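Undergrad: Can you look at this prediction? I've put the sequence above it.
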Amino acid sequence: MTEEHAPGLLLRLAGPLQSWGTHSKYLSRDTARFPTRSGVVGMLAAALGRDRGTPLDDLTTLSMTVRVDRPGVVLSDFHTVGGGLPADEKVITVDGKRRAEEKGTLVSKRQYLADAAFTLALTSDDAELLHVCADALRDPHWPLFLGRRSCPPEGPILLGTVEDPLHHLVRLPLATKRPRRGPQATDFYSDKPLGELPVDSAAPDRGDGDHHSGEVTDEPLSFAPLAREYRPRPLYRRAVHLPDATYEGFGTAYLEKLQTYIDTHFVEPERSAR
């Protein structure tokens, strides 16, 4: 079985706010412009009920391709921690002591994506792993969020389990309006080459998707609280002009079109007992 036609899951990540950190440290919390592998793997681990120290070897075998339905806009939040607390409750320093009264309030900068929407394909030749992950996303052990606990999804995350997820990834309704200024390319990001993305487009694409456009350090090795570890992985990007019929706007009209597509093309397997 080739990777391009491996079975997989289709997910929808949309909500008022999302945040997918890549270089977040201490008082500076950034966000990538699309969901990261570490964020999605962490979401799966939460759905499965795994502790932070549990190995991630099986989940990191999943290949992830992201379609940017709406890129959203980056918002910066003025955020404070520790102000007004009693002396014995103030923020702890690296040496285990409490911060002094005059330094008790910490100011942090946190970025979010507002009004963004993404459709994801997670592929694997491991049918049992896909089945287990699908069941967990339908009935998660812990609440799921879009990068941070303050960013809940606006609806169910799992769209379905399909035999050829990349085929549907370029055909599922887009959660955005048709551009007024003519055709606009839709961005796809993946950890695998995108040259074989099954698109039917009369307009030229930007790039062939077979050459990685850089590296991003978002491959999780451990989520252990005091020993989080990540490694870099290649990032592939392709911008594709999708047919006008794919654009379905917002709100109820889009959700109805999405549900019609799911009912027409997806056949859900029976749920396993958990």
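TA: In hand now; what should we look at?
Undergrad: Does L129 lie in a helix or a strand, and which?
TA: L129 belongs to helix 127-138 when assigned by DSSP states H and E.
Undergrad: residues in contact with that helix?
TA: 7-9, 11, 44, 47-49, 58-59, 61-62, 122, 124, 144, 156-158, 161, 269, 271-272, 274 (C-beta atoms under 8 Å, 6 or more residues apart in numbering). Placement of C-beta: from N, CA and C, glycine included.
Undergrad: try stretch 42-57
TA: For stretch 42-57, contacts defined as C-beta under 8 Å, 6+ apart pick out 41, 59, 62, 132-133, 136-137, 140-145, 157, 220-225.
Undergrad: Can you select the buried ones from the contacts of helix 127-138 in PyMOL?
TA: Selecting just the buried residues from the contacts of helix 127-138 in PyMOL takes one command, with 16 or more other C-beta atoms under 10 Å as the test:
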select buried, resi 7+8+9+11+44+47+48+59+62+122+124+144+157+158+161
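Undergrad: Low-confidence ranges, this structure, go.
TA: 1-4, 24-28, 79-108, 201-208, 267-274 (pLDDT under 70).
Undergrad: rerun that using 50 as the cut-off
TA: Low-confidence segments of the chain, defined by pLDDT under 50: 1-3, 269-274.
Undergrad: For T186, what are phi and psi?
TA: Here is the backbone geometry of T186 (degrees, to the nearest 10): phi -100, psi 130.
Undergrad: tell me the strands in the chain, going along the chain?
TA: Secondary structure of the chain, counting by DSSP state E: strands at 8-18, 28-29, 63-70, 73-81, 106-123, 158-162, 186-190, 214-222, 229-240.
Undergrad: Pull out the buried positions in the first one.
TA: By neighbour count, with 16+ other C-beta under 10 Å as the criterion, the buried positions of strand 8-18 are G8, L9, L10, L11, R12, L13, A14, G15, L17, Q18.
Undergrad: Identify, from these, the entry nearest to I262.
TA: L10 (8.8 Å; C-beta to C-beta).
Undergrad: My guess is that closest one contacts H168. True?
TA: Yes - using C-beta atoms under 8 Å, L10 is in contact with H168, at 6.1 Å.
Undergrad: Which neighbours do the two have in common?
TA: Contacts common to L10 and H168, judged by C-beta under 8 Å, 6+ apart, are A121, V162.
Undergrad: count of residues packed around the nearest residue to L169 once chain neighbours are set aside?
TA: Spatially, and ignoring its direct neighbours in sequence, L169 is nearest to A121 (4.6 Å; C-beta to C-beta, 6 or more residues apart in numbering). Per other C-beta atoms under 10 Å, the neighbour tally for A121 reads 27.
Undergrad: Name all residues that make contact with A121.
TA: Residues near A121 by C-beta under 8 Å, 6+ apart: G8, L9, L10, L11, M64, T65, R67, P165, L166, H168, L169.
Undergrad: can you rerun that using 10 Å?
TA: By C-beta atoms under 10 Å, 6 or more residues apart in numbering, A121 lies in contact with 6, 8-11, 62-67, 159, 162, 164-170, 172, 188, 190.
Undergrad: Just list whatever residues bridge to it.
TA: Beta-bridge pairing for A121 (DSSP bridges): L10, T65.
Undergrad: State the distance from it to T260.
TA: Note on A121: its distance to T260, by C-beta to C-beta, to the nearest Å, is 20 Å.
Undergrad: Also D58?
TA: Counting by C-beta to C-beta - D58 and T260 are separated by 34 Å.
Undergrad: Alright, that wraps it up for me.
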